[in-house]
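*Asks:* Pasting the sequence and the predicted model now:
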Amino acid sequence: KKKKTTARTIRLANMVAKRATYYIPVLYWLPRYSLEDLKGDLLAALALSFLIIPQGLSYASMAQLPARFGLYTAFVPLLMYSIMGSSRQLSIGPEAVVALMVGAAVADEDTEEDKISTALVLGFMVGLMCLLMGVCRLGFFDGVFSRSLLEGVLETRICKQAHPLTHPHTNAHNTTHTYTH
């Protein structure tokens with residue numbers, strides 16, 4: 001009976017390891033990574049830095065947030081995608097549409113701290129929604145609808161949900177508030 005339990009445990013561990021490489025691709029490619037790949041990746045990172053740093057700073061200004069958040073949006077997604085992503089030829093980083101929508105969502109905030117907290121809640125909710133959509137295998141929407149349409153619908157819906165969370169003192173039934181200029 002102990003042999004059956006051990007064999008079952010080994011099969012389960014193998015299945016979990018196989019599925020883990022699907023959901024966390026770095027577990028698959030990192031053991032196969034070579035120094036030759038590192039040279040090209042460092043050169044690409046240097047070139048990308050010259051583009052993405054000014055872009056991130058300007059998008060932070062569009063989102064009405066401090067410049068350091070533009071740097072966060074420039075590099076944190078790249079680091080996360082290097083762990084969780086599966087495509088080697090994908091552009092990840094801040095976008096003008098997203099910056100404008102975040103700016104519209106935080107425009108009515110009085111203090112910088114309120115703007116930051118609203119943007120953080122918004123970002124967390126968008127990330128959670130994207131994770132949920134990925135788990136539910138709804139990625140085919142990306143091929144059917146345009147990216148701008150999907151971002152607009154997703155972020156508008158989340159902006160409407162985030163407002164009561166960041167403004168508990170306001171009337172939750174007030175639906176006249178809009179997030180566009």
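*Replies:* Received, thanks.
*Asks:* Identify the residue nearest the geometric centre of this protein.
*Replies:* residue 127 (5.1 Å; Cα atoms, centre = their mean).
*Asks:* does it sit in a helix or strand, and which one?
*Replies:* helix 112-135 (DSSP states H and E).
*Asks:* Check which residues of that helix are buried.
*Replies:* 115-116, 118-119, 121-123, 125-126 (16 or more other Cβ atoms under 10 Å). No exception for glycine: its C-beta is placed from N, CA and C like everyone else's.
*Asks:* so can I have TSV of those showing distance to residue 109?
*Replies:* Supplementary listing: the buried residues of helix 112-135 in TSV, determined by distance: Cβ to Cβ, whole Å:
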residue	distance to residue 109
115	4
116	9
118	6
119	9
121	11
122	11
123	15
125	16
126	18
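*Asks:* Looking at the residues you listed, which one is closest to residue 138?
*Replies:* residue 126 (14.4 Å; Cβ to Cβ).
*Asks:* quick one: that closest one from residue 110, how far?
*Replies:* From residue 126 across to residue 110, the span is 23 Å (Cβ to Cβ, to the nearest Å).
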